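Student: pasting the sequence and the predicted model now:
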Protein chains: 4
Amino acid sequence: MSQTLCTDDVRAMIAEFFGQQMPFHHLIGLEIVHYNKDSVELRIEMKPALVGNTVHGILHGGVTATMLDVAGGMIVFAEVLENMAEVTQESVFKRLQNLGTIDLRIDYLRPGRGTEFIATATVIRAGNKVAVARMELHNEQGDHIAFGTGTYMVG
Amino acid sequence: MSQTLCTDDVRAMIAEFFGQQMPFHHLIGLEIVHYNKDSVELRIEMKPALVGNTVHGILHGGVTATMLDVAGGMIVFAEVLENMAEVTQESVFKRLQNLGTIDLRIDYLRPGRGTEFIATATVIRAGNKVAVARMELHNEQGDHIAFGTGTYMVG
Amino acid sequence: MSQTLCTDDVRAMIAEFFGQQMPFHHLIGLEIVHYNKDSVELRIEMKPALVGNTVHGILHGGVTATMLDVAGGMIVFAEVLENMAEVTQESVFKRLQNLGTIDLRIDYLRPGRGTEFIATATVIRAGNKVAVARMELHNEQGDHIAFGTGTYMVG
Amino acid sequence: MSQTLCTDDVRAMIAEFFGQQMPFHHLIGLEIVHYNKDSVELRIEMKPALVGNTVHGILHGGVTATMLDVAGGMIVFAEVLENMAEVTQESVFKRLQNLGTIDLRIDYLRPGRGTEFIATATVIRAGNKVAVARMELHNEQGDHIAFGTGTYMVG
């Protein structure tokens, strides 16, 4: 029989998985700082391999896109979790399998200068099938680097 | 005195730079297959580190975003080059410094399954200050993985 | 008992409804030129009330957005229709009620000059719950005025 | 000789023009509630001609797109005005002529039910050539109907 899980535990497992075991996240050094019911924070430390402009030493826009996409996906999934009738390893795994980005928009506001970057996200449209999130990227000084908007398949 | 360059040579240098020396491109294994006046082709070989979904072994959406962003930037810059009054190392470098993504939209069409991925791009709005490109990502079998649309600062 | 309908007839009814009875479409003069299984064409005749820039006499960007949104919604619904197990007035009406735009991107390529404008659309991602379309707006001379991309709820 | 104008007066003239004399705004009943240095508020009263879904009586998505596009354009122009070296009728008119939407994204959050709709906007990226704004549409009860993001040519 499948055991009912607490959503806090499920999010902790997902955060551990996304932060430690996802190959591409490992490659770029993406960490999950926290993952709560209604907030998520992702962090990346600047390092030479992430540079997109060697003259100015700024973060590659693809890293920005990656962080915003992941932050959005995690926050919409947190909402999904809270609305699941039954939270078991099987049911969570199945929903997580269905999670996918349909479309993503990134607005680059200023060059990605800094020693670390923080992505956050918030759900703007919740749904059983589709959800939409808005995301933000800041550097360690609080400078706003980019906005994101993502539409995700969740059902 | 600054030497006037042929735009074919300039594109070859840029392709060499983007493909060999850009740290983040090196990290993910991004290659420039060709870079012509009105077409560009980027290629990436699938490898475990680029996986975003370990169950299905599909390409991380952040890699897709990166490839499309770079393809779009390169194609709008090819257009800029053709319209420069004077093509010298200094003038090209200056324009390249000003090249930046303002916003990017990615439409993910199907899961990124494959052994290699090819990004192409085309200019849909040329301009002296701002240009817009549409991009596509296919796998080695010709399956259409994603569409992109990017607005770039070029002046 | 509910009668099974032919999808050609259903599309004809929808085209008649969208072109003749939708209040806002009537206000702006939107016509449905044709509505087939895999293509749709919308038309609007330029008139003073649609002008957004009185100096240049060009089409208001909101009219462009409207035409592209409607064209995209109609083409994804044509796809839905073809995949319905049972096509009856009730089932079509129910699916039509669920049709809604989730997000829309418009790329304005050049000023909307012309005596008439034609919107067309094509499905780029079909689905049972969500579909994505790309749309185009041209004037009567074939000048390409705008591109659109729309994500629609269809289930 | 051209007279230097106060930016408050210029905004008042623009608001008057956009609210009273723009043909398409007149057609749909768009009003400018206020237009300040760092905020703008547009209003539309619901009326049968603006309905996009006759069953539910909700606002057509094209009206939403129109309001958000105009709100974004006005707020980025307010920023332009504040940064103009010399504010004369000629210089303002010239800049206003150059104002144009490059791309627009609309996220429809919930059906447009209500008796009136309010659009607001804020600049997220200011610039001499290109500016980006985020916009919101609410109904008279404060329900959040839609988000918008627009990239505008301003120089």
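Tutor: Received it, and whenever you're ready, just let me know what you need. Remember, it's a predicted structure, so these values are computed and weren't measured experimentally.

Student: who's the residue nearest to A:Ser39 when sequence neighbours are not counted bridged to?
Tutor: Closest residue to A:Ser39 apart from its sequence neighbours, by CB to CB, 6 or more residues apart in numbering or on different chains: A:Thr120 at 6.9 Å. For the C-beta atoms, the positions are set from N, CA and C on the backbone; glycine is no exception. Beta-bridge partners recorded for A:Thr120 (DSSP bridges): A:Glu41, A:Glu136.

Student: same deal with the one 10 residues further on?
Tutor: Note on A:Val130: beta-bridge partners A:Met153, judged by DSSP bridges.

Student: for A:Lys94, what are its contacts?
Tutor: By CB atoms under 8 Å, 6 or more residues apart in numbering or on different chains, the contact set of A:Lys94 is empty.

Student: if you set the cut-off to 10 Å instead, what comes out?
Tutor: A:Thr88 (CB atoms under 10 Å, 6 or more residues apart in numbering or on different chains).

Student: again with A:Phe117
Tutor: Going by CB under 10 Å, 6+ apart, the list of residues near A:Phe117 reads A:30, A:42-46, A:50, A:59, A:63-64, A:67, A:137-140, A:143, A:145-146.

Student: now a PyMOL select for only the buried ones of the residues you listed.
Tutor: In PyMOL syntax, the buried subset of the contacts of A:Phe117 is picked out as below (16 or more other CB atoms under 10 Å in any protein chain shown):
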select buried, chain A and resi 30+42+43+44+46+50+59+63+64+67+137+138+139+145+146
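
Student: so which of the contacts of A:Phe117 are in strands?
Tutor: A:Leu42, A:Arg43, A:Ile44, A:Glu45, A:Leu59, A:Leu137, A:His138, A:Asn139, A:Ile145, A:Ala146 (DSSP state E).

Student: just give me the closest of these to C:Val92.
Tutor: Using CB to CB, A:Ala146 is the member of these that lies nearest C:Val92, at 42.4 Å.

Student: is it true that the closest one touches A:Ile118?
Tutor: No. Taking contacts as CB atoms under 10 Å, A:Ala146 lies outside contact range of A:Ile118: 11.3 Å.

Student: strands of chain A, start to end?
Tutor: A:31-35, A:40-45, A:51-53, A:58-59, A:100-108, A:116-125, A:130-139, A:144-153.

Student: partners of the helix or strand of chain A with the lowest mean pLDDT, with directions?
Tutor: Within chain A, no helix or strand scores below strand A:51-53, which has a mean of 87 by mean pLDDT, DSSP states H and E. The pairing partners recorded for strand A:51-53 under DSSP bridges are strand A:58-59 (antiparallel).

Student: quick one on the thing from earlier: hey, least reliable of the strands of chain A by pLDDT?
Tutor: Lowest mean pLDDT within these: strand A:51-53, at a mean of 87.

Student: distance from that one to the middle of the chain?
Tutor: What separates the centre of strand A:51-53 from the centre of its chain is 22 Å, taken as CA atoms, centre = their mean, to the nearest Å.

Student: quick one: contacts for the spatially closest residue to A:Ser91 that is not a sequence neighbour?
Tutor: In this structure, A:Ser91 finds its nearest non-sequential neighbour in A:Met84, 6.2 Å apart by CB to CB, 6+ apart. Going by CB under 10 Å, 6+ apart, A:Met84 touches A:Leu5, A:Thr7, A:Val10, A:Ser91, A:Val92, A:Arg95.

Student: check the gap between A:Met84 and C:Glu79 for me.
Tutor: 30 Å (CB to CB, to the nearest Å).

Student: and A:Asn53, what does it touch?
Tutor: By CB under 10 Å, 6+ apart, the neighbours of A:Asn53 are A:Leu59, A:His60, A:Gly61, A:Pro111, A:Gly112, B:Met22, B:Pro23, B:Phe24, B:Leu96, B:Gln97, B:Leu99, B:Gly100.

Student: which strand residues bridge it?
Tutor: A:Ile58.

Student: just to revisit the earlier point, which of the contacts of A:Met84 count as buried?
Tutor: If we count by 16+ other CB under 10 Å, the contacts of A:Met84 have these buried: A:Leu5, A:Val10, A:Ser91, A:Val92, A:Arg95.

Student: so of those residues, which ones are in helices?
Tutor: Applying DSSP state H to those, the entries found in helices are A:Val10, A:Ser91, A:Val92, A:Arg95.
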